[in-house]
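Asks: What follows is a predicted structure for the sequence shown.
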Amino acid sequence: MPDQVTEPTSDRTDSFRHDRQTIAKAFDAFSDPDRPLSQRSYAQEHGIPPSTLNDWLNREVPAGCDLERPVIDFFRSSAGCRLLRRIVLGLFVVFRLLCPCGIRPLALFLRLCGLDAFVASSYGALYQLDLTLGQDLCVFAKEERSCLAPSMRPESIVACADENFHQGPPCLIAIEPQSGFILVEAYKDRKDAGTWTVTVKDAIADLPVNIVLLASDQAKGLVACAADLAAQYSADLFHGQQQFCLLVMPGLSRPVQAAQKQLEKIDEQINSLEKDHQAALARPQAKKPTDYLAEMLELQRKKMQTEEELRGHRLHKELAAQAIRDIGLAYHPFDRDGGLPVRGEEAHKKMAEPFGRLEEVAENGGVSEQKRKELGAASSWLSLWSCCVAWFWTQVDAEMDKLDLSEQEERLVREKLLGGLYWQRMAHRAATAEERRRLQELSQRMLEEAWSNQGALAEAALEKRERIERVARRCVGYFERSSSCVEGRNGRLSLFRHSRTRLSQQRLDVLTCAHNYLLKRADGSTAAERFFGAKQRDAFSWLLERMPDLPAPAAKRPNTRHNPASSRI
C-alpha cells in the first residue's frame with residue numbers, strides 16, 4: 001500500500017513532552033505504599049494517557065547507571081527534580097559565568113557524578129541550555145538596571161578605563177572602582193578619544209552620575225576623553241613606576257650579570273687548578289705544587305674582589321627598587337604615619353625625595369647618560385600625581401562648603417574623619433601583614449577621635465552625622481591612584497578567551513552581567529548593589545525559577561561501529 005500522508009489541514013495537535021515536574025508528581029503519588037491509587041483514575045484526572053503513566057512508573061534503571069536505587073528514586077521525585085535543577089544551574093553559574101570553563105568539562109562532571117542518567121550530557125544540549133541562561137541573565141540585568149537607576153542618588157563618580165587587545169578589534173573597558181561596577185565593556189573598531197567619549201556617555205546616559213575623574217595609563221585617546229568629559233585625568237601609578245624600572249633596572253642589572261659570570265669563571269679555574277695540584281702531588285712534574293698554590297691564592301683574591309663588586313651592584317638594584325616603592329608610598333593625600341592631610345605641593349616634595357635617590361643610584365650604578373636623561377624627563381609623572389592630589393583637595397573644599405560646618409567640626413572632618421576613612425579603604429592594599437595591621441589601627445584610632453564624645457561632631461544631630469559621613473566617604477572615593485581594577489578585568493577576559501578561542505559581543509555582554517549582578521563579595525553584595533546603593537533581586541533564584549526544563553538524556557544505544565557481526569553482508 002502507498003504511504004498514508006497526513007493532510008496539512010488535519011486537526012491533529014503537535015506531539016509534545018511532559019515536563020519533569022508532571023512526571024515527578026506522578027512518581028510521588030504512587031511512591032507511597034500506604035496510599036494505593038488507581039493508575040486509570042489518576043490518568044483520567046490529570047489528562048495523561050494511561051500507557052504513558054504506566055511507562056513513567058515502570059521505567060527501568062538507566063543503562064550504565066551505577067547509582068543506588070534510592071538515589072535514582074530520589075532524583076525522579078519532585079524534591080529530587082528541584083535539587084537537580086539547582087545543581088545544574090549552579091554548575092553553569094560557577095564554571096561558565098564566573099570561571100573560564102568550557103562546556104565539555106561540565107558534561108564530564110555530569111557523567112562522573114552519574115547525573116547524565118537524568119540530564120543530557122551531550123554538547124548540543126548543554127550548549128543550548130548555556131545560551132538560554134546567558135540570554136536570561138541579560139534580561140535580568142536589564143530589568144534590574146531599569147528598576148535601580150531611577151531611585152539612585154545623584155553622584156559624582158570615578159572611572160578607571162583601559163583597552164584590551166586580546167583579539168581583533170580593541171575591547172573598551174571602564175569600571176567604577178569603589179563598587180567594581182562595569183560601566184563599559186564592548187568591542188569597538190577604534191580607540192580614539194571620540195569613540196571613548198561616545199561610548200562612555202552612552203553607558204551612563206540613563207544614570208544620574210557624573211564622571212569627575214578618569215584614571216588610566218597615558219593613552220592619548222583616554223587623556224583626550226577625560227578632557228571631553230570635563231573630568232580630571234589621573235595617571236596610573238603602576239605605569240609610572242614601570243617606566244622608572246625600564247629606564248634604570250636594565251643598566252643596573254648588567255653589572256650584576258657580568259659579575260656573576262666572572263665568579264662562575266673564577267670558580268671553574270679554581271676547581272681546575274685544584275685537580276692539577278692534586279695530580280702534581282701524586283706525580284711530580286715540571287711544574288712545582290707551590291706554583292699551583294700561588295695561582296689559587298691569586299684567584300681567591302680576585303674572587304673576593306668580584307664578590308665585593310657584586311654586593312655593591314646588588315645594593316644599587318635594591319636601593320633603586322626601594323626608591324621606586326617609596327615614590328608609590330608617598331603618593332597619598334594623607335600621611336602614612338600620622339594620617340594628617342598632605343596637599344599637592346607637599347606630596348610633590350615627598351615623592352621628589354625618593355626620586356632624587358633613584359637618580360643618584362642610576363648615576364653611581366653605571367646607567368647610561370641617555371637613560372639618565374630620559375629618567376629626568378620622566379619626572380613629569382610626579383607633577384601629574386601631585387596635580388591629582390591638589391585636585392582631590394579642591395573637591396574636598398567644595399564638599400565641605402556644602403556641609404556648612406563650624407570651624408571645629410570642619411577641622412575634625414579634615415584631620416581625622418577623612419584620613420581614617422581613607423586608610424580604612426587603603427589598608428588591605430599594603431604589602432605586608434604588619435603594615436596592613438598598622439594602617440588598620442591608625443584608621444580605627446582616627447575614626448574614634450573623629451566621633452569622640454568629647455569632640456565637636458558628637459554634638460551634631462544624627463541626621464547631620466550621617467550626612468557628614470556620607471559626604472566624607474564620597475570625598476575619599478575621589479582619589480584613585482591606580483587603574484588596577486581594569487587591569488585585573490583584562491586578565492580575566494583573557495582567560496575566558498583562551499577557553500573559547502574568541503569572545504563574541506554577545507558572550508561578553510553575558511560576562512559583564514554576571515560580574516555586575518551575579519558575582520558577590522565576601523559581604524554578600526553585588527557590584528550593582530554597591531553602585532546603585534540599593535538591594536537587587538537574587539539573580540540565582542530568578543534564573544532558577546525561569547530556567548527551562550532540563551534536557552532529558554537520550555536512550556543508551558549499543559556501540560556497533562566496530563562490531564563485525566553487525567555489519568551487512
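Replies: Okay, I see it.
Asks: burial of Ala377, as a residue count?
Replies: By other CB atoms under 10 Å, 9 other residues sit near Ala377. Placement of C-beta: from N, CA and C, glycine included.
Asks: same question, Thr432
Replies: 8.
Asks: so Ile266 touches Thr306, yeah?
Replies: Yes. Between Ile266 and Thr306 there is a contact at 6.6 Å, judged by CB atoms under 8 Å.
Asks: Give the next helix or strand downstream of the strand ranked longest in the chain.
Replies: Scanning the chain for the longest strand, with DSSP state E as the assignment, gives strand 155-164. Counting by DSSP states H and E, the next helix or strand C-terminal to strand 155-164 is strand 171-176.
Asks: The helix or strand that comes right after that next one to strand 171-176, inter-axis angle?
Replies: As assigned by DSSP H and E, the chain's next helix or strand after strand 171-176 is strand 181-187. Using axes from the mean of the first three to the mean of the last three CA atoms, to 10 degrees, the direction of strand 181-187 lies 170 degrees away from that of strand 171-176.
Asks: rewinding a little: packing partners of the longest strand of the chain?
Replies: strand 171-176, helix 193-203, strand 209-216, helix 220-228, helix 462-477, helix 484-500 (3 or more CB pairs under 8 Å, 6 or more residues apart in numbering; DSSP states H and E).
Asks: One more pass at 7 Å, please.
Replies: When contacts are defined as 3 or more CB pairs under 7 Å, 6 or more residues apart in numbering; DSSP states H and E, strand 155-164 packs onto strand 171-176, strand 209-216, helix 484-500.
Asks: Switch these over to TSV; also include mean pLDDT and mean neighbour count.
Replies: What follows is these, written out as TSV (pLDDT from 0 to 100; neighbours: other CB atoms under 10 Å):
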stretch	mean pLDDT	mean neighbour count
strand 171-176	96	25
strand 209-216	94	22
helix 484-500	88	16
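Asks: Leu229: which of these is closest?
Replies: Evaluated with CB to CB, these place strand 209-216 nearest to Leu229, the distance being 5.4 Å.
Asks: what about the residue lying closest to His498 once chain neighbours are set aside, which helix or strand?
Replies: With sequence-adjacent residues excluded and distances taken as CB to CB, 6 or more residues apart in numbering, His498 is closest to Pro100, at 6.7 Å. Taking DSSP H and E as the definition, one finds Pro100 inside no helix or strand.
Asks: The one 4 residues further on now?
Replies: Secondary structure assigned from DSSP H and E places Arg104 in helix 103-112.
Asks: rewinding a little: restricting to C-alpha, output the longest strand of the chain in PDB.
Replies: Output in PDB follows, covering the C-alpha atoms of strand 155-164 (Å, rounded to 0.1, in the frame of the first residue of the first chain):
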ATOM      1  CA  GLU A 155      26.600  61.000  42.400                       C
ATOM      2  CA  SER A 156      29.900  62.200  41.200                       C
ATOM      3  CA  ILE A 157      32.000  59.100  40.400                       C
ATOM      4  CA  VAL A 158      35.400  58.000  39.400                       C
ATOM      5  CA  ALA A 159      36.000  55.700  36.400                       C
ATOM      6  CA  CYS A 160      39.000  53.600  35.500                       C
ATOM      7  CA  ALA A 161      39.500  52.800  31.800                       C
ATOM      8  CA  ASP A 162      41.700  50.800  29.600                       C
ATOM      9  CA  GLU A 163      41.700  48.900  26.300                       C
ATOM     10  CA  ASN A 164      42.100  45.100  25.800                       C
END
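Asks: still on that earlier bit, output the helices and strands packed on strand 155-164 as a markdown table; include the columns distance to His332.
Replies: Output for those, formatted as a markdown table (distance: least, CB to CB, whole Å):
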| stretch | distance to His332 |
| --- | --- |
| strand 171-176 | 21 |
| strand 209-216 | 15 |
| helix 484-500 | 16 |
